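Chemist: Kindly generate the corresponding structure for this input.
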Amino acid sequence: MQVQRFQFQPLLCLTVSVVLSQTLFSTGCHQKSTKTQSNPPVTVAHPEMRDVTLYQYYTGRVEAVDSVDVRSRVSGYLDKIKFTSGSEVRAGDVLFIVDQRPFQTQVDQQRATLDQAKAQQKLAHIQYRRDIGLQQKEPGAIAQVTIDKSTANVGVQDANVLAAQAQLEGAKLNLDYCSVTAPITGVVSRNLVSIGNLITGGNEQATLLTTIVSADPMYAYFNVDEHTIEQVEKAIREGKRPPIESKKIPVELGLTVDQEKYPHKGYVDYNNNQFTSDTGTLQIRGIFPNPKPQKGHRILIAGQFVKIRVPISSGPQLLISGKAVGQDIVGPYVVVIDGDGKAHYRYVQLGQKIEDMQVINKGLATTDWVVIDGQHNARPGAAVDVHKQGASTKTADTTEDTSGTSKNSHTSAETGN
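Modeler: Below is the predicted model:
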């Protein structure tokens with residue numbers, strides 16, 4: 001009996017397993033069949049009409065308003081360096097001191113020469129007054145040639161005094177030039193010459209000691225294509241935009257760390273007088289404030305590459321989510337749901353990019369239902385399960401007219417180049 005019981009149990013388990021497997025397989029197939037009967041879901045939204053500011057985007061380079069090569073006006077041995085490399089200095093601050101002793105000696109020498117000339121001048125005037133007085137008291141007592149010599153000697157000694165004074169001023173000036181000062185306010189570079197070196201000054205081969213660039217405000221140069229320049233000039237002629245010389249055309253600047261933001265505001269103050277022949281662009285210059293923050297250094301640095309954007313125009317534009325736009329060999333397209341809940345491809349003409357939104361120049365209207373999510377479920381001509389964006393209901397009436405929906409929000413856009 002035990003042998004029969006052990007033989008019966010495996011057969012029973014096998015039978016139960018087969019029945020369960022068939023039941024589960026049948027149930028799964030039934031569920032799968034039921035699921036495939038429902039239409040694939042998609043999320044739709046209407047295009048929106050918004051006021052948009054169109055921008056042109058460029059890469060610019062920062063330059064200082066003023067830049068000076070610091071050189072000595074006198075030759076001599078460098079005695080002292082009075083600044084810290086990379087620091088900000090003000091106009092008139094002493095940067096270098098050349099050995100002053102030789103120049104002080106020249107000043108002392110010229111001062112002595114001046115004293116000597118003044119003594120000779122005094123003697124000449126005394127002699128002249130004596131000769132004139134004697135001639136007046138006793139006419140003919142003194143020869144006329146003697147009086148002429150006295151008169152000439154007075155003029156010579158007066159001139160010698162003036163020359164000695166000029167030479168003394170020159171010596172003092174050279175002594176002052178021993179102290180090399182900052183000609184402008186700005187950021188100083190490192191010292192290019194060390195203490196103890198002989199430097200040349202006062203000519204075109206003068207030794208370069210350091211450089212200074214102004215820090216506030218700063219220029220940003222960028223090149224604009226001919227088409228954009230023509231658009232701007234047309235707007236200026238039509239009175240829609242102020243002329244460049246009015247310094248009212250705004251321009252915005254951003255750094256890499258600013259990502260998509262352009263927090264630094266300035267204005268265009270200059271454009272070149274001719275296009276570059278090899279690139280067909282015109283150089284434009286914007287000027288930007290560059291104040292010193294409470295901590296750290298100023299934000300803009302000469303030679304720095306920056307992002308520039310210039311507003312071109314403003315007005316209403318038709319916008320749709322950037323996720324709704326696809327691209328194939330024919331061109332850009334969106335998926336539109338018709339009144340029967342079926343999907344269709346609609347090829348469109350794209351305009352500018354606005355953050356995560358896309359401007360549609362041609363091909364859509366505010367009454368269209370555009371698929372913004374689930375495009376992979378919307379095969380051309382296939383029925384879909386439509387969901388409105390942000391709606392609590394699962395289905396949307398695709399025949400609803402929402403052409404009156406518009407927004408007055410102001411949005412910025414980048415132009416497609």
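Chemist: Break this protein down into its structural domains.
Modeler: The chain breaks down into these structural domains: 41-53+315-414, 56-64+216-312, 71-98+178-213, 101-177 (assignment by automatic domain parsing).
Chemist: Over the first one, what's the mean pLDDT, rounded is fine.
Modeler: Per-residue pLDDT values across domain 41-53+315-414 average out to 74.
Chemist: quick one: it to chain centroid distance?
Modeler: Distance of domain 41-53+315-414 from the chain centroid (Cα atoms, centre = their mean, to the nearest Å) equals 36 Å.
Chemist: same thing with the third one?
Modeler: Computed by Cα atoms, centre = their mean, the separation of domain 71-98+178-213 from the middle of its chain amounts to 29 Å.
Chemist: quick one: secondary structure of residue 379?
Modeler: Classification of residue 379 by DSSP: H, G, I helix; E, B strand; the rest coil places it in coil.
Chemist: how about residue 153, phi and psi?
Modeler: Residue 153 has phi and psi values of phi -60, psi -40 when expressed as degrees, to the nearest 10.
Chemist: show me the contacts for it.
Modeler: 124, 127-128 (Cβ atoms under 8 Å, 6 or more residues apart in numbering). For the C-beta atoms, the positions are set from N, CA and C on the backbone; glycine is no exception.
Chemist: Just send those residues back as CSV, with pLDDT, neighbour count and distance to residue 138 too.
Modeler: Shown next, in CSV, are the contacts of residue 153 (pLDDT from 0 to 100; neighbours: other Cβ atoms under 10 Å; distance: Cβ to Cβ, whole Å):
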residue, pLDDT, neighbour count, distance to residue 138
124, 85, 20, 22
127, 84, 16, 17
128, 82, 19, 17
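Chemist: Could you tell me which of those residues belong to helices?
Modeler: Among these, the members falling in helices (DSSP state H) are 124, 127-128.
Chemist: residue ranges for the helices of this structure, please.
Modeler: Across the chain, reading from the start of the chain, the helices by DSSP H fall at 2-36, 101-137, 144-177, 226-237.
Chemist: mind putting those helices in TSV, distance to residue 189 included?
Modeler: As requested, the helices of the chain are exported to TSV (distance: least, Cβ to Cβ, whole Å):
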stretch	distance to residue 189
helix 2-36	73
helix 101-137	26
helix 144-177	21
helix 226-237	36
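Chemist: so which of these comes closest to residue 205?
Modeler: Distances from residue 205 to each of those were compared using Cβ to Cβ; the minimum, 16.5 Å, belongs to helix 144-177.
Chemist: Can you mark which positions in that closest one are buried?
Modeler: By 16 or more other Cβ atoms under 10 Å, the buried positions in helix 144-177 come out as 150, 153-154, 157, 160-161, 164-165, 167-168, 171-172, 174-175, 177.
Chemist: which two in those residues are spaced the farthest apart?
Modeler: Within the buried residues of helix 144-177, 150 and 177 form the most distant pair, 41.0 Å apart (Cβ to Cβ).
Chemist: shouldn't residue 98 be in contact with residue 71?
Modeler: No - using Cβ atoms under 8 Å, residue 98 is not in contact with residue 71; the gap is 11.4 Å.
Chemist: anything in contact with each of the two?
Modeler: In terms of Cβ under 8 Å, 6+ apart, residue 98 and residue 71 are both contacted by the residues 180, 201.
Chemist: Neighbour count: those two, which is higher?
Modeler: Shown here are residue 98 and residue 71; by other Cβ atoms under 10 Å, residue 98 has more neighbours (25 against 19).
Chemist: For the more buried one, report the pLDDT, please.
Modeler: Spelled out, the predicted local distance difference test score at residue 98 is 93.
Chemist: who touches it in this structure?
Modeler: With contacts defined as Cβ under 8 Å, 6+ apart, residue 98 is in contact with 72, 74-79, 177-180, 199, 201.
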